[in-house]
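*Asks:* whatever this is, show me its structure:
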Amino acid sequence: MLTELAHARHLAQLGQLKEILDEAELATNLLEKSEAIPLHVLMAGFQEDSQGRDRFLHFSFLPLNDEEIVAIQLLQIYSTLPFHLQAGAREGVAALLLEINTRLPIGHFGVNEEGEIHYRYVYSLSASRTFESDEVLEILTLFVYMCDMFAEHIEQVASGEADAEQVIQALRA
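*Replies:* Residues are numbered from 1 along each chain as shown. From the prediction side, this is the model:
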């Protein structure tokens, strides 16, 4: 359980991150923790996908025991892809995600219980420093690039449009 001081620090840091993203002209919304939301969350819209669908980034600090972990903080960057897993496609998508995840320089793709496919990266940040705009924007550029690079392949298998093994072989070629 996080202390109120830790929650206040995370809210302030997300506020600073919001300023960086606002300067980069991303639409942002900072949601404070509540009964419905256990942690502060910063949401940011980013460029639409190739089919014109809206996409959002979610930023939140992972709750760590401040007494045991004192040198770092972990900021989760999370985005749900704008399509769902069709019935019967989970096994093929799982095989494809395993193949894709071995190629990623940061983060990983996954599927939750509701069939939502996401991309997630946990950014380790020194507890003794604040966000640097250039660093944050480069990480986000790489994050978005990874989403764009593989989302179409994932959607082909998730929708049943393509067989997972065919897509995997095309990626290996």
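*Asks:* okay, and residue 148 sits in which element?
*Replies:* Assigned by DSSP states H and E, residue 148 belongs to helix 133-158.
*Asks:* packing partners of the helix or strand following that helix?
*Replies:* Sequence order places helix 164-172 as the next helix or strand after helix 133-158, per DSSP H and E. On a contact count with 3 or more CB pairs under 8 Å, 6 or more residues apart in numbering; DSSP states H and E, helix 164-172 meets helix 90-101, helix 133-158. To be clear about C-beta, it is placed using only N, CA and C from the backbone, and glycine gets the same treatment.
*Asks:* just send these back as a markdown table, with mean neighbour count and distance to residue 165 too.
*Replies:* Shown next, in a markdown table, are the helices and strands packed on helix 164-172 (neighbours: other CB atoms under 10 Å; distance: least, CB to CB, whole Å):
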| stretch | mean neighbour count | distance to residue 165 |
| --- | --- | --- |
| helix 90-101 | 18 | 8 |
| helix 133-158 | 17 | 9 |
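*Asks:* relative to residue 9, which of the ones you listed is closest?
*Replies:* Nearest of the helices and strands packed on helix 164-172 to residue 9, taken as CB to CB: helix 133-158 at 17.3 Å.
*Asks:* buried set for the helix or strand where residue 44 lies?
*Replies:* Using DSSP H and E, the element containing residue 44 is strand 41-46. Judged by neighbour count (16 or more other CB atoms under 10 Å), strand 41-46 contains these buried residues: 41-44, 46.
*Asks:* partner strands of it, parallel or antiparallel?
*Replies:* strand 28-31 (antiparallel), strand 55-61 (antiparallel) (DSSP bridges).
*Asks:* relative to helix 133-158, how tilted is it?
*Replies:* With axes from the mean of the first three to the mean of the last three CA atoms, to 10 degrees applied, the angle from strand 41-46 to helix 133-158 works out at 70 degrees.
*Asks:* adjust the sequence numbering to begin at 768 for everything that follows.
*Replies:* Sounds good: first residue 768 from here, last item strand 808-813.
*Asks:* how far is strand 808-813 from where the chain is centred?
*Replies:* What separates the centre of strand 808-813 from the centre of its chain is 10 Å, taken as CA atoms, centre = their mean, to the nearest Å.
*Asks:* for that strand, give the mean pLDDT please.
*Replies:* For strand 808-813, the mean pLDDT works out to 96.
*Asks:* ok, and what's touching it?
*Replies:* Strand 808-813 is contacted by residues 781, 784-785, 788, 793-798, 821-827, 846, 907, 911 when judged by CB atoms under 8 Å, 6 or more residues apart in numbering.
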